[in-house]
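1. here is a sequence with its predicted model. Questions after.
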Amino acid sequence: MKVFIPAIEGHVPPGIVRTISAFLDFCYYVRRNSLNESALESLQDALERFHDHCRIFQETGVCQHGPKGFSLPRQHSMNHYRHLIQEFGAPNGLCSSITESKHIKAVKKPWRHSNRFDVLGQMLVTNQRLDKLAAV
Amino acid sequence: MLQGSVISAAMDEVELHRKQGQNTRNLDTGAQRVHRDNVSHTQCHNGDEDEDEDYSSDGSDDEAQIHNGPWVLNYVRLAKTPGKSAIWWCCVWLILSRSHATAHKYPSSLYALAHHIQQPKLPLLTRRFPHFQLQNNVDPSNDNVVLPDLSGLPFSIFHSATSTFYAPSNLSGLGGMHSECIRSTPSWRKGPARYDTVFLEKDPEMPGMGGLHVGRVFLFFSFTYDGIKYPCALIQWYTTFSDRPDEDTRMWIVQPDFDANSECELEVIHAHCILRGAHLIPVYGHDRLPSDVHYTDTLNIFRAYYVNKYIDHHAFEIAF
């Protein structure tokens, strides 16, 4: 990520470079430990640039048009960052992958503990008991 | 043009008070002179001689590290020129560390040193430096001025400098301080030379790259002139390609400066003008690179470089 843009520059259409540059700008703004009004404006600007330029992927045929086009939850969630930062403060490095690692503890392991019959109830009880043990 | 900044003076004052005022020299010839005196009293940590070898085993984390120092933004006021000050959003001070300079057997006199490192312009540039530090308004390139004679003074050579700055978005200590090492050494880990590039303060009030210079350090050295110790750096300048970042990549493009004889445009500056290390990445162009290009030559063979603001979060905050 740190050296990606100079590496691809000149080898892919300029629109792709602009898309990735706007996306990186967005990521780096969001990562700041504090965001003021001008940083939020820049954040919004980067987001608009990203959505503007990313159409190159549809024009070149990498991605389809219409409802089968971009359907990426994390990229969609970028739209909500500005409002949520204003509501709750800077994410300051919080990673949206955090749910992925939690999934193992909260879903996969309780599932293995179960006897596969009426699984949901057993998993909930397991989680409840583990939480109580952790709180002790 | 470039002088040391007040934070370095403040740090030096603290250090000096700790050492009970050794080597201090009280000047009472007006506030401006006192300011300059403060700027110039720096502490080169010569005591660390044996722990900072260029190929030391702690190399894995020596480039950048968290710094557990206090958060100093609140009291830091930086100024480039006397009488003008502005709050800068980070604090920087530089510690030159002597890295087995004795092993390299650098000559201590200026002219022998210039011969040793093959920089024939070094004596002239160095003699202009204290002249300019003491008399702000004189153009240092003016040939009519009488430059001080530094031939008899002992010079100390350093292979690295540590820059510490406020970067809470990077890996940092409790106070948000982050420190990194800037190298300028003729042989890095027994291999080829390594001369790092740095950001230099131009104008703290200008946002982004407008307030910064980019330079490449070819030598860290210090000398004492007229009772004042000057930590210096021999810099090659880089100038921006245009007055705005590149349209596509939104990164600034810089080019190394060369004079009429196509030699590097060099200058000796106060080491405290250095803000932090910079990452330059070449503008590779459309063609394939020859396979025999070695990465250690990267900063020597390309014509233009991107100032990589994506290298860390602090760089993104200063070099936009």
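-> Alright, I've got the coordinates.

2. which residues touch B:His314?
-> B:90, B:165, B:167, B:169-170, B:178, B:276 (CB atoms under 8 Å, 6 or more residues apart in numbering or on different chains). Quick note: C-beta positions are derived from backbone N, CA and C, even for glycine.

3. try it again at 6 Å.
-> B:His314 makes contact with B:167, B:170 under the criterion CB atoms under 6 Å, 6 or more residues apart in numbering or on different chains.

4. and for A:Thr126?
-> Residues in contact with A:Thr126 (CB under 6 Å, 6+ apart) are A:110, A:113.

5. if we use 8 Å, what do you get?
-> Contacts of A:Thr126 were listed using CB under 8 Å, 6+ apart, and they are A:110, A:113-114.

6. so what pLDDT did the residue nearest to B:Pro282 when sequence neighbours are not counted get?
-> With CB to CB, 6 or more residues apart in numbering or on different chains as the criterion, B:Pro282 has its nearest non-adjacent residue at 3.8 Å, and that residue is B:Phe302. B:Phe302 carries a pLDDT value of 91.

7. kindly report the same for B:Tyr306.
-> Note on B:Tyr306: pLDDT of 94.

8. next, B:Ile281: secondary structure please.
-> Three-state assignment for B:Ile281 (DSSP: H, G, I helix; E, B strand; the rest coil): strand.

9. hmm, A:Glu9 and it touching each other?
-> No - using CB atoms under 8 Å, B:Ile281 is not in contact with A:Glu9; the gap is 9.9 Å.

10. these two: who's more crowded?
-> Shown here are B:Ile281 and A:Glu9; by other CB atoms under 10 Å in any protein chain shown, A:Glu9 has more neighbours (23 against 20).

11. I'd like to know which helix or strand in the chain has the lowest mean pLDDT.
-> Defaulting to chain A. helix A:98-103 (a mean of 80; mean pLDDT, DSSP states H and E).

12. my bad, the chain I had in mind was chain B
-> helix B:31-40 (a mean of 32).

13. can you give me the end-to-end span of stretch A:60-79?
-> 24 Å (CA to CA, to the nearest Å).

14. now that stretch: average pLDDT?
-> Mean per-residue pLDDT for stretch A:60-79: 81.

15. and that stretch, how far out from the chain middle?
-> Per CA atoms, centre = their mean, to the nearest Å, the displacement of stretch A:60-79 from the mean C-alpha position of its chain is 13 Å.

16. cool, and stretch A:103-114?
-> Worked out by CA atoms, centre = their mean, stretch A:103-114 lies 24 Å from the chain centre.

17. those residues of chain B touching chain A, which are they?
-> Within chain B, the positions near chain A by CB under 8 Å from any CB of the partner chain are B:168-169, B:176, B:247-251, B:279, B:281-286, B:306, B:308-313, B:316-317.

18. just the buried members of those?
-> B:168-169, B:176, B:248-251, B:279, B:281-284, B:306, B:308-313, B:316-317 (16 or more other CB atoms under 10 Å in any protein chain shown).

19. among those residues, which ones are in strands?
-> Among these, the ones falling in strands (DSSP state E) are B:281-282, B:306.

20. let's verify A:Leu130: helix, strand, or coil?
-> Applying three-state DSSP: A:Leu130 is helix.

21. identify the residues contacting it.
-> By CB under 8 Å, 6+ apart, the residues touching A:Leu130 are A:Pro110.

22. now do it against chain B, distance only.
-> 32 Å (CB to the nearest CB, to the nearest Å).

23. what's the burial count for the residue nearest to B:Pro282?
-> B:Phe302: 18 neighbours (other CB under 10 Å).

24. can you mark which positions in the strand or helix carrying B:Ala112 are buried?
-> Using DSSP states H and E, B:Ala112 falls within helix B:110-117. Neighbour-count burial for helix B:110-117, counted by 16+ other CB under 10 Å, picks out B:110, B:113-114, B:116-117.

25. same question for stretch B:230-241.
-> So, applying 16+ other CB under 10 Å, buried residues of stretch B:230-241: B:230-238, B:240-241.

26. let me know the closest of these to B:Ser262.
-> Nearest to B:Ser262 out of those is B:Gln236 (CB to CB; 12.9 Å).

27. pLDDT weak spots in the chain?
-> Chain wasn't specified; assuming chain A. Residue ranges of chain A with pLDDT under 70: none are present.

28. wrong chain, I was asking about chain B
-> Using pLDDT under 70, chain B drops low at B:1-65, B:67-104, B:136-144.

29. ranges for the helices of it?
-> Assigned by DSSP state H, the helices in chain B fall at B:6-18, B:31-40, B:101-104, B:110-117, B:122-134, B:298-301, B:313-318.

30. got it, and chain A?
-> Taking DSSP H as the test, the helices found in chain A are A:4-8, A:14-30, A:37-53, A:56-59, A:73-88, A:98-103, A:109-113, A:119-135.

31. only C-alpha atoms, please: export the second one in PDB.
-> As requested, C-alpha coordinates have been extracted for helix A:14-30 and formatted as PDB (Å, rounded to 0.1, in the frame of the first residue of the first chain):
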ATOM      1  CA  PRO A  14      -4.700   6.900 -15.200                       C
ATOM      2  CA  GLY A  15      -8.200   6.500 -14.000                       C
ATOM      3  CA  ILE A  16      -7.200   3.400 -12.000                       C
ATOM      4  CA  VAL A  17      -4.300   5.300 -10.400                       C
ATOM      5  CA  ARG A  18      -6.700   8.100  -9.500                       C
ATOM      6  CA  THR A  19      -9.100   5.700  -8.000                       C
ATOM      7  CA  ILE A  20      -6.500   4.000  -5.800                       C
ATOM      8  CA  SER A  21      -5.000   7.300  -4.800                       C
ATOM      9  CA  ALA A  22      -8.400   8.600  -3.700                       C
ATOM     10  CA  PHE A  23      -9.000   5.400  -1.800                       C
ATOM     11  CA  LEU A  24      -5.700   5.600   0.000                       C
ATOM     12  CA  ASP A  25      -6.300   9.200   0.800                       C
ATOM     13  CA  PHE A  26      -9.600   8.200   2.400                       C
ATOM     14  CA  CYS A  27      -7.900   5.400   4.400                       C
ATOM     15  CA  TYR A  28      -5.100   7.700   5.700                       C
ATOM     16  CA  TYR A  29      -7.600  10.400   6.700                       C
ATOM     17  CA  VAL A  30      -9.700   8.000   8.600                       C
END
